[in-house]
Structures are given as structure tokens and as C-alpha cells.
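> Just the structure for this:
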Amino acid sequence: MATSPAHAQDTAIAISHSGNWVCAAAICGQAGLGIDVQAIERHDVLRLVEFLDWTGLLGPSAGDKQTDRDRFTQLWTLWEAAVKCDGVSVLAAHTPAFASLARQFRPGTEQSWSAGGYWAQSMRLDQRHWLTLVAARTVPPAVDIFHVDHSAAAAGQA
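Presented below is the predicted three-dimensional model:
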């Protein structure tokens, strides 16, 4: 029978995937951890921004739908990573991590920052994907990012 090391109970692990991207993070100690990777989709983001009351966080429309979608997707990854970090539902009206970190969020820019006892990093993985990681501490966790070539994997199974 396999057992976990004693310190494994004090390790938080988070995983997210989208398209060919698989991202995992781990942090030792009793701390919340969330990670999210999302593809930029063709949603009517201006209506979503209004509905979520994120206009103040994203600022006015860039006037270009692709730029608006890009900025919204990046903020959405912050929301989902914060929700996962705090252990609340994505439908929650409030999450402490998001409330702390969103004030210093800079749309469209890769960044690492800490606020209110949380640490975050937001990065572009490629032209279609944003990744954001949130930890309930002010130091970064260990992160692994993998780009999976599905065509090569499928060819190996034939």
C-alpha cells in the first residue's frame, strides 16, 4: 500500500489546462493556491465586463474587439485563480484574493505582484492563452508549464 510523505499534507497543488497547455503549481505549507489558463474566446466581453462590474478594473474599451477580449481573458484568469486560491465558488460575489490583487492589475501586461497577503503572476503563454497564478502568501510557488503536442502524442498511439 502506497502512502504519502508526512509533509505532503502541508503541500497545496493546483492544475489547469486549456488547448495544448497544462500548468501545475505547488507550494509547501498551509496556503491557498490557484492557477488558471484560458484561451481568448470570441465573447461579447463588454457585456460581460458590465455584468461583472469590472469596468473600473479594465478601464474603457480599447475600441478593438481583440484587445478587449485579450484584456478580459487575462482578468478572468486572475478571477478564477483567486477563486481557487480562496476555495470559493466561481459564482461567489466576492473573493478576498481577487479584491486584494485586482487593484494592482494592469490589463494587457505580464506582471508579478503581491497585495493583501497574496502573491500573483500573470503571463501570456502564446497569442491565445493567458495564465495567472495566485498564492495565499507573498512568495511565489513552484510552477511547471507544459505545451503538449497532441499530434505527436496521437501519432505515438497509432
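> What is the neighbour count of His17?
14 (other C-beta atoms under 10 Å). The way it works is simple: take the backbone N, C-alpha and C, and place the C-beta from them, glycine included.
> quick one: what helix or strand has the nearest residue to it once chain neighbours are set aside in it?
Using C-beta to C-beta, 6 or more residues apart in numbering and skipping the chain neighbours, the partner closest in space to His17 is Val37 (6.6 Å). Using DSSP states H and E, Val37 falls within strand 33-39.
> Quick one: mean pLDDT over that strand.
Average pLDDT, strand 33-39: 95.
> Stretch 42-57 now?
84.
> now do stretch 121-136
Mean predicted lDDT for stretch 121-136 stands at 95.
> Pull up the distance across it, start to finish.
In stretch 121-136, first residue to last residue: 12 Å (C-alpha to C-alpha, to the nearest Å).
> And that stretch, what's buried?
Within stretch 121-136, the residues that count as buried by 16 or more other C-beta atoms under 10 Å are 121-125, 128-136.
> just so I have it, where are all the helices in this structure?
45-52, 55-58, 65-86, 96-101, 150-157 (DSSP state H).
> Of those, which is nearest Asn20?
Shortest distance between Asn20 and the helices of the chain, using C-beta to C-beta, is found for helix 150-157: 6.2 Å.
> quick one: contacts for Leu133?
14, 23, 25, 33-35, 81, 120-122, 140-141, 143 (C-beta atoms under 8 Å, 6 or more residues apart in numbering).
> Buried among those? Make that a PyMOL selection.
Buried residues among the contacts of Leu133 (16+ other C-beta under 10 Å), as a PyMOL selection:
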select buried, resi 14+23+25+33+34+35+81+120+121+122+141+143
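> quick check, nearest of the contacts of Leu133 to Gly59?
Looking across these and measuring by C-beta to C-beta, the closest to Gly59 is Ser122, at 16.1 Å.
> Give the full set of residues in contact with the residue nearest to the closest one when sequence neighbours are not counted.
In space, Ser122 comes closest to Thr132 once its chain neighbours are excluded; the distance is 4.4 Å by C-beta to C-beta, 6+ apart. Listed by C-beta under 8 Å, 6+ apart, the contact set of Thr132 reads Ile35, Asp36, Gln74, Thr77, Leu78, Glu80, Ala81, Ala120, Gln121, Ser122, Met123.
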